[in-house]
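Visitor: sequence unavailable; structure follows:
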């Protein structure tokens with residue numbers, strides 16, 4: 001049911017037990033035209049609107065409100081007090097039948113709010129196997145891909161795109177039209193007003209790039225083969241002293257493809273990128289700098305001489 005690419009095998013937290021028959025609490029208010037699979041469970045005082053569709057084995061907790069043109073896939077767990085599919089908090093909204101589309105295997109915790117898109121034919125999209133912790137707000141036209149973890153009290157403004165496996169720390173605010181790259185990590189209580197490149201760790205008020213997201217990269221299945229190449233690319237992009245545009249040009253010229261793999265040739269070294277991560281990082285940054293609606297990438301934190309000698313961001 002998700003419009004995003006499949007996220008593969010679900011992580012452990014996404015497991016929802018099978019239910020053999022539909023169980024709806026007698027105090028739940030469900031519009032007769034809403035479409036619920038027979039295995040859906042609905043808790044006390046939940047409210048489900050006319051245009052809602054919910055897939056198999058999804059659990060809707062107590063006092064949950066699901067409104068609007070909302071489509072929810074299989075095996076989701078929606079905890080008490082969440083509000084999904086309500087009108088966008090956008091003064092341009094004119095009552096259009098815009099959508100909220102949620103994939104499968106998501107955990108949507110207490111008091112999460114997710115708004116529909118603003119215009120007809122548009123959708124707010126949540127992919128597969130994501131964890132949205134308590135009090136997260138996802139505004140209109142956002143896209144959250146797969147296996148993303150968003151910690152408590154994070155606020156996403158409109159038109160934000162978060163790529164797969166990103167991690168967002170608690171109480172973070174993210175500016176509209178911002179993009180957060182794959183396997184990026186945003187530290188708690190940061191203010192993010194520009195794009196967060198893939199594979200990097202950012203933190204601060206305003207947020208600044210602190211280094212590679214080494215913990216996330218080491219934990220991610222299959223990423224070990226790209227770490228040396230990513231380290232070298234990071235040094236070129238953020239520690240060489242070159243303007244970012246010049247560093248990107250040098251990186252592009254230093255990459256070649258052989259037998260379906262990218263090979264980085266820098267400073268007399270040849271490093272194989274087994275996962276295609278360098279090309280994704282390069283394309284992300286080039287698009288961030290060139291596309292008119294993008295806000296440009298976050299800069300790196302300026303470090304003292306002592307910090308530079310420690311090299312702890314690599």
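Guide: Sure, I can see it. On a predicted model such as this, the values are computed, not experimentally measured, just so you know. Residues are numbered from 1 along each chain as shown.
Visitor: CA only for contacts and neighbour counts going forward, please
Guide: Fine.
Visitor: per-residue confidence for residue 225?
Guide: With respect to pLDDT, residue 225 scores 88.
Visitor: residue 218 looks like it's in a helix, true?
Guide: Yes: assessed by DSSP: H, G, I helix; E, B strand; the rest coil, residue 218 belongs to a helix.
Visitor: quick one: contacts for it?
Guide: Residue 218 is in contact with residue 224, counting by C-alpha atoms under 8 Å, 6 or more residues apart in numbering.
Visitor: next one: it from residue 52, what distance?
Guide: Here residue 218 is placed at a distance of 40 Å from residue 52 (C-alpha to C-alpha, to the nearest Å).
Visitor: residue 85 now?
Guide: From residue 85 to residue 52 the distance is 9 Å (C-alpha to C-alpha).
Visitor: ok, now residue 287?
Guide: Distance of residue 287 to residue 52, given as C-alpha to C-alpha: 36 Å.
Visitor: and those two? Which one has more around it.
Guide: Counted by other C-alpha atoms under 10 Å, residue 287 and residue 52 do not tie: residue 52 has more neighbours, with 22 against 14.
Visitor: hmm, the more buried one is touching residue 70, no?
Guide: Yes: counting by C-alpha atoms under 8 Å, residue 52 does reach residue 70; the two are 4.9 Å apart.
Visitor: between residue 85 and residue 52, which contacts overlap?
Guide: With C-alpha under 8 Å, 6+ apart, residue 85 and residue 52 have common neighbours 66, 67, 68, 69, 70.
Visitor: what's the first-to-last distance across stretch 102-119?
Guide: Using C-alpha to C-alpha, one end of stretch 102-119 lies 18 Å from the other.
Visitor: most remote residue from the chain's center?
Guide: Residue farthest from the centre of the chain, counting by C-alpha atoms, centre = their mean, is residue 268 at 36.3 Å.
Visitor: and that residue, what does it touch?
Guide: With C-alpha under 8 Å, 6+ apart, residue 268 has no contacts at all.
Visitor: for it, give its distance to residue 232.
Guide: Separation of residue 268 from residue 232 (C-alpha to C-alpha): 12 Å.
Visitor: what of residue 261?
Guide: Distance, residue 261 to residue 232, by C-alpha to C-alpha: 17 Å.
Visitor: more neighbours: the two, which one.
Guide: Legend: neighbour count by other C-alpha under 10 Å for residue 261 and residue 232, higher for residue 232 (19 against 13).
Visitor: so that one sits in a helix?
Guide: Yes: counting by three-state DSSP, residue 232 falls inside a helix.
Visitor: show me what the closest residue to it other than its chain neighbours bridges to in the sheet.
Guide: Spatial nearest neighbour of residue 232, chain neighbours left out: residue 266 (7.8 Å); criterion: C-alpha to C-alpha, 6 or more residues apart in numbering. Beta-bridge partners for residue 266, by DSSP bridges, are residue 269.
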